[in-house]
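Novice: I'll drop the sequence and a predicted model, then ask my questions.
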Amino acid sequence: MRIIARGAEAIIYERGDTIIKFREKKGYRIPEIDALLRTSRTRYEFKILQTCARAGLRVPLPIKIAGDNDKILMQNLGGISFDSVFSVKKMREVGELVALMHNLGVIHGDLTTANMLSKENKIFLIDFGLGYFSKKDEDIATDIFLLKSALKSRHPDEHMSAYELFIEAYKTVIEKEFKGIAAHLKDIERRGRYHENG
Amino acid sequence: MYVLGIESTAHTFGVGIVRDGEVLSNEKDVYKPETGGIIPTEAAKHHYALAAEITERALKRAGISLENIDLFAYSQGPGLLPSLKAGWVATRFLAEKFKKKIVGVNHCIAHIEIARMVTGFEDPVMLYVSGGNTQIVTYDKENRKYVVFGETQDIGVGNLLDKVGRKINLPFPAGPKIEELAKRGKKYLRLPYSIKGMDVSFSGMETFLSRIIAEEKIEDLCFSLQETAFSMLIEASERAMAYCKKDSLVIAGGVAANARLNEMGSIMCKERGAKFKFMKREYAGDNGAMIAYTGYLMKNYEQGDLRPKPSFRTDSVEILYR
């Protein structure tokens, strides 16, 4: 068993063709909150992975929940982080993939290029640790907003064109009317980040 | 080089003086409403009334007079316009009288600059928590800018504490009293825990709390409120540290005075092998020294519009001195 990543909330192990995601205890929070977050997030994440996998979305296939309800076993995809091989033109594919996910009623919750894998020139979505089920425009907009912010901070030189391409592709696949999502996006940006003339 | 800095974005009017980046004095007075929350125009009145006195105090403590000041810095925003104007009027008056340059300083950047100076951390993530602001800020080396990596999607955490405090009849600001009551809380009441990526949201918790306020013990409410809200903030900070690969954390703003929040930050850092230092209230809260110090760093800036910017963005300032 080999540690392949240590995120903010979980350790990712690799064991042959299996990935094990273990949510660590956090000493800073009281046991009540800690246990609640770790087990509920584990169960929830597993369910989201199942939903996506059954619909044929490119995500790691879930195997089972283990440990003290704090471990998820899933398929080891291999591949490399999209963050490190980022290219604007792949954002079209990302747009389609995210729209398909939203069509399923899944909100990723932490959409960044670091939570995407590139394998055989295909993009896979990973780490649904903060994911949840919702079809609300506002939640969908939050997902998109997070990706937009991540693009801005991680790929500052190309973030504008990357986001444009993403949205263009997203609109062609999303089943909901985009107008409602766009309105919420504007709203989040307005009340969130400060604006010079706000 | 002597720099005098004026802070007046919200309820604090502060004047600090630095000599070549070293803090000589840091005086302030805080407007406290008799009932309820901050009334912007009343805060501004307080600032106008006390501007001269606090400036004199700062000069006296530094052992210099106004003629010695080479540069005037003021907190240009973000903040409440009436409050900001008070600082702007005072600064402009002094700068014109003594024919010296003015530097407009971004309030949030000043918090992180003074934190870097005080802690000695070269490149920290800053959790900035006050009434109006709740942000996670860090330096983006490539773009030479401070970026807001996460923040509240609705109200600031200090605002949450005050709103809940008002419902249980605590004086403003409610944070210190809530901290006291929380120590005696035993039962954890499950509250909405809302974190989206590196952003947090508190309005759901506020609504939920106001619904159960009559049924639960105040100590348990305060305990659960603190534990939940602070867990969210520390989790978001940890995510930012992991994502940006930064190995130190500072907590600034009025809520940084809370011992439990600091304890949580310290444990989180220890568990991930990162550094943490507690910041003294004098520098963690709004203060004039941070404006003077950042003004000193920005001494060579050529700025166009120096008027107050109530919505001054953290990432709109190019950092030329780092």
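Specialist: Great, that's in hand.

Novice: could you point out the longest helix in chain A?
Specialist: helix A:31-54 (DSSP state H).

Novice: contacting residues around that helix?
Specialist: A:9, A:21, A:23-26, A:29, A:59-62, A:65, A:68-72, A:74, A:101, A:104-106, A:125, A:128-133, B:188, B:190, B:193, B:227-228, B:231 (C-beta atoms under 8 Å, 6 or more residues apart in numbering or on different chains). All C-beta spots, glycine's among them, are computed from the backbone N, C-alpha and C.

Novice: domains of chain B?
Specialist: Structurally, chain B divides into domains by automatic domain parsing as follows: B:2-110+B:286-316, B:121-276.

Novice: now chain A
Specialist: As given by automatic domain parsing, the domain ranges for chain A are A:2-75, A:80-191.

Novice: Show the average pLDDT along the shortest one.
Specialist: Across domain A:2-75, the average pLDDT comes to 95.

Novice: now the longest one
Specialist: For domain A:80-191, mean pLDDT rounds to 94.

Novice: related to what we said a few turns ago, switch the domains of chain A over to a markdown table; also include mean neighbour count.
Specialist: Shown next, in a markdown table, are the domains of chain A (neighbours: other C-beta atoms under 10 Å in any protein chain shown):
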| stretch | mean neighbour count |
| --- | --- |
| domain A:2-75 | 17 |
| domain A:80-191 | 19 |
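
Novice: how about a markdown table for those domains, with distance to B:Leu71 added?
Specialist: Formatted as a markdown table, those follow (distance: least, C-beta to C-beta, whole Å):
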| stretch | distance to B:Leu71 |
| --- | --- |
| domain A:2-75 | 41 |
| domain A:80-191 | 31 |
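
Novice: Stretch A:131-150 vs chain B: in contact?
Specialist: Yes - judged by C-beta under 8 Å from any C-beta of the partner chain, stretch A:131-150 and chain B are in contact via A:142, A:146, A:149-150.

Novice: quick revisit: kindly reformat the domains of chain B as JSON lines containing mean pLDDT, mean neighbour count and distance to chain A.
Specialist: Shown next, in JSON lines, are those (pLDDT from 0 to 100; neighbours: other C-beta atoms under 10 Å in any protein chain shown; distance: least, C-beta to the nearest C-beta, whole Å):
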{"stretch": "domain B:2-110+B:286-316", "mean pLDDT": "96", "mean neighbour count": "21", "distance to chain A": "4"}
{"stretch": "domain B:121-276", "mean pLDDT": "95", "mean neighbour count": "20", "distance to chain A": "4"}
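
Novice: Going by secondary structure, the closest residue to B:Glu271 other than its chain neighbours is in what exactly?
Specialist: With sequence-adjacent residues excluded and distances taken as C-beta to C-beta, 6 or more residues apart in numbering or on different chains, B:Glu271 is closest to A:Gly27, at 5.7 Å. Taking DSSP states H and E as the definition, one finds A:Gly27 inside no helix or strand.

Novice: what sits against A:Gly27?
Specialist: So, once contact is read as C-beta under 8 Å, 6+ apart, A:Gly27 ends up touching B:267-268, B:270-271.

Novice: circling back to that earlier point, in a markdown table: the residues of stretch A:131-150 next to chain B, plus secondary structure.
Specialist: Listed next are the residues of stretch A:131-150 next to chain B as a markdown table, based on DSSP: H, G, I helix; E, B strand; the rest coil:
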| residue | secondary structure |
| --- | --- |
| A:Thr142 | helix |
| A:Leu146 | helix |
| A:Ser149 | helix |
| A:Ala150 | helix |
